[in-house]
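**Student:** quick one, fold the following:
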Amino acid sequence: MEVLNSGDAPALVTNAEVRRILKRAEDRAPAALNLMPSDDGTPPDPAARKEARAFRQRDWIEERTAAYIDEYVNIGVESAKSLAAALTSTTSISESDEGGFDLTDAEALQVLNHLPTEIVELHLLIEDLPSRLSEERQQDLLDCIARHR
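**Tutor:** Modelled structure (predicted):
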């Protein structure tokens, strides 16, 4: 498994950002190695076979992760960024977008990844929600999430 340096990836990334990272990795990867014998019957390069085996598990994990994210992620990176700003800000960003929900980074990440549609879902993602947001503000939060979908 490849070990990333601390500066290679942010500590908290949304599912949409993970998909973007995986897409970039797919685009940079060389074409699939040809591991079948050639038309003249010569076997494939042993070094290519060894390299393909070395990365087989990583490639499988990346493919499965990308498939999951493609199926369940309903927000783009840019929408996620603007929603994250509204979730973590302490004041309203603009009059048309309430914002100012003052969530922690971890809570905002959970909201971005799950995109709750009901207040009960917010209670699962945000610690001590009733004391931090009134019922009206909770509904405002759901409305804000719905606008960014």
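
**Student:** show me which helix runs longest in the chain.
**Tutor:** With secondary structure taken from DSSP state H, the chain has its longest helix at helix 56-72.

**Student:** for that one, which positions count as buried?
**Tutor:** E62, A66, I69 (16 or more other C-beta atoms under 10 Å). (Glycine included, C-beta is placed from N, CA and C.)

**Student:** next secondary structure after that helix?
**Tutor:** Per DSSP states H and E, the first helix or strand lying C-terminal to helix 56-72 is helix 77-88.

**Student:** mind listing what's buried along that next one?
**Tutor:** Quick answer for helix 77-88 (16+ other C-beta under 10 Å): A80, S82, L83, A84, A86, L87, T88.

**Student:** what sits against the third one?
**Tutor:** Think L83. I75, V111, L112, C144, I145, H148 (C-beta atoms under 8 Å, 6 or more residues apart in numbering).
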